[in-house]
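A.B. asks: Would you be able to build a 3D model of this:
(one chain, ligands or ions: 1)
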Amino acid sequence: MKIKRILAIGLATVMSAALFAGCGNNNAGGDTASKGNGTYAFIAKDVQNPYMQKVYEGFEEACKDIGVTPLYKGPEAATPEKQIEIINQLVAQGVSGIAITANDQDALQPALEEAMAAGIPVISLDSAVNKDSRMTHIQQADPEKIGRALIQAAYEMVDGEGGIAILSATAQATNQNLWIEWMKKELEENPDKYAKTPLVKVAYGDDDPTKSTSETQALLQNPDVKVIIAPTTVGMLAAGKVLQDKKSSVLLTGLGLPSEMAPFIEDGTCPWMYLWNPVEIGRLSAYTMNALVNEEITGAVGETFTAGAIGEKAITEAADGGTEVMVGDPFKFDKDNIAQWKEVY
Ligand code: RAM
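C.D. replies: Predicted coordinates for the structure are as follows:
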């Protein structure tokens, strides 16, 4: 772990500082949980997803620094129904706070409102719930930058000529749907540039490796598809494996974990991709939760707080009318830097 951190610090010159802060053991600057049972619960989209586990690593680490008990929960598959059950159980247990990566923007609202009415602060991270279902949201990176960067990458990869397909997560995933909206805007706003790189299809692999594999195979049946954008780590890995196995000339980009995608970047299947530091998102979520629990903040625009060693963070207005705390910028991974990054996350 120590070596990884040193490596991360060595690379920090090209990264935004926020992406790497939070490596120390500082306390959040507040008291420990004053309400509830001293447990900060984290609800994953699904417990199989390695990305969720990385985010939770950071959450767990920060909870330990703060002095509260972290709890990892989540359904086996990325659906909202089981998440509702989990929220209800956590409310009954009297946890101190709930941080959720949502499988649906609206479906969790009654359960989360009940949690907040019971005095349990609720935040979303990664994939947002609607503004009335949360106190604030932890936003990994600007959704507009992510969406536009992915279309621009696909365009460059096919030299301005060739159909684009998107392999997403679930059809209800708030984060993927927002990124796809920005991808479509980038295409619509620049019709001349993208005249020969149309969006051919959006497929949903549900963040399930088996479904993501069969959806990729189906996309390859369409000869117009020349590049696949997978804005999900699970989709990226599945698509990479299919393309590599078939020795396909179709290229891949998207949002992938460097530790999983290194072989596909090294062999050119995926010329480059983007992501952010998932561990950092988990840490920031725990510190934001702690500031809410201790009533240092309420989740309103303009409030600031100290997120442990990450430092000072501000609550800003989110595009959905609610509020958010921004983590950083998306970062590009390619042949030049993947060897170092695959060791980090
Ligand atoms: C998957 C999940 C997650 C997303 C990442 C990029 O692991 O769908 O929500 O943020 O990919």
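
A.B. asks: Distance of M116 relative to E81?
C.D. replies: Applying C-beta to C-beta, to the nearest Å, the value for M116 to E81 is 20 Å. Heads up, the C-betas are built off the backbone N, CA and C, glycines and all.

A.B. asks: And I123, by the same measure?
C.D. replies: I123 sits 21 Å away from E81, going by C-beta to C-beta.

A.B. asks: So for those two, which sits in the more crowded spot?
C.D. replies: Higher neighbour count among I123 and E81: I123, with 25 against 13, using other C-beta atoms under 10 Å.

A.B. asks: Provide the backbone phi and psi angles at that one.
C.D. replies: phi -130, psi 150 (degrees, to the nearest 10).

A.B. asks: Just give the nearest non-adjacent residue to it, would you?
C.D. replies: What sits nearest to I123 in space, not counting adjacent residues and going by C-beta to C-beta, 6 or more residues apart in numbering, is A99, at 5.1 Å.

A.B. asks: Over to the one you found: give its phi and psi.
C.D. replies: Dihedral angles for A99 - degrees, to the nearest 10 - are phi -120, psi 120.

A.B. asks: How about the protein: which residue is closest to the ligand?
C.D. replies: The ligand sits closest to Y51 of the chain, with a gap of 3.2 Å, by C-beta to the nearest ligand atom.

A.B. asks: Tell me if I'm right that that residue and S259 touch.
C.D. replies: No. Judged on C-beta atoms under 8 Å, Y51 makes no contact with S259 at a distance of 10.3 Å.

A.B. asks: quick one: which of those two has more around it?
C.D. replies: Comparing Y51 with S259 by other C-beta under 10 Å, the one with more neighbours is Y51, at 25 against 15.

A.B. asks: wait, is the more buried one part of a helix?
C.D. replies: Yes. Applying DSSP: H, G, I helix; E, B strand; the rest coil, one finds Y51 inside a helix.

A.B. asks: Pull out the buried positions in stretch 145-162.
C.D. replies: 146-155, 157-158, 162 (16 or more other C-beta atoms under 10 Å).

A.B. asks: export those to CSV and tack on secondary structure?
C.D. replies: Formatted as CSV, these follow (three-state DSSP):
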residue, secondary structure
I146, helix
G147, helix
R148, helix
A149, helix
L150, helix
I151, helix
Q152, helix
A153, helix
A154, helix
Y155, helix
M157, helix
V158, coil
G162, coil
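
A.B. asks: Which two of these have the greatest separation?
C.D. replies: I146 and G162 (21.4 Å; C-beta to C-beta).

A.B. asks: Quick check: residues of the stretch 51-200 of the chain near the ligand?
C.D. replies: 51, 126-127, 169, 175 (C-beta under 6 Å from any ligand atom).

A.B. asks: Most neighbours among the residues you listed, which one is it?
C.D. replies: A169 (27 neighbours).

A.B. asks: Identify the residues contacting it.
C.D. replies: 45, 78, 176, 204-207, 231-232, 234-235 (C-beta atoms under 8 Å, 6 or more residues apart in numbering).

A.B. asks: Next, give phi and psi for it.
C.D. replies: Dihedral angles (degrees, to the nearest 10) for A169: phi -90, psi -120.

A.B. asks: The one 5 residues further on now?
C.D. replies: Per-residue torsions, T174: phi -60, psi -40 (degrees, to the nearest 10).

A.B. asks: Pull the contacting residues for it.
C.D. replies: Applying C-beta under 8 Å, 6+ apart to T174 gives the contacts 102, 104-105, 127-129.

A.B. asks: redo that, cut-off 10 Å
C.D. replies: By C-beta atoms under 10 Å, 6 or more residues apart in numbering, T174 lies in contact with 101-106, 124, 126-130, 137, 143, 320.

A.B. asks: Just the residues you listed: which are in strands?
C.D. replies: 124, 137 (DSSP state E).

A.B. asks: Quick check: pLDDT value at the nearest residue to R134 once chain neighbours are set aside.
C.D. replies: Once flanking residues are discounted, R134 sits nearest to S124: 4.8 Å by C-beta to C-beta, 6+ apart. Here, the pLDDT recorded for S124 equals 98.

A.B. asks: Surely S124 and Q139 touch.
C.D. replies: Yes. The pair S124 and Q139 qualifies as a contact (C-beta atoms under 10 Å) at a distance of 9.5 Å.

A.B. asks: Show the contacting residues for G302.
C.D. replies: Going by C-beta under 10 Å, 6+ apart, G302 touches 314-317, 323.

A.B. asks: one more time with 7 Å
C.D. replies: I315 (C-beta atoms under 7 Å, 6 or more residues apart in numbering).

A.B. asks: gap between it and D132?
C.D. replies: Taken as C-beta to C-beta, the span from G302 to D132 is 20 Å.

A.B. asks: on that earlier part again, so what's the residue of the chain closest to the ligand scoring on pLDDT?
C.D. replies: At Y51, the pLDDT recorded in the model is 98.

A.B. asks: Can you name the residues that contact the closest residue to it other than its chain neighbours?
C.D. replies: Once flanking residues are discounted, Y51 sits nearest to T233: 4.3 Å by C-beta to C-beta, 6+ apart. T233 is in contact with 50-51, 255-257, 260, counting by C-beta under 7 Å, 6+ apart.

A.B. asks: Any chance of a ChimeraX selection covering the buried ones in those residues?
C.D. replies: A single ChimeraX command selects the buried members of the contacts of T233 (16+ other C-beta under 10 Å):
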select :51,255,256,257,260
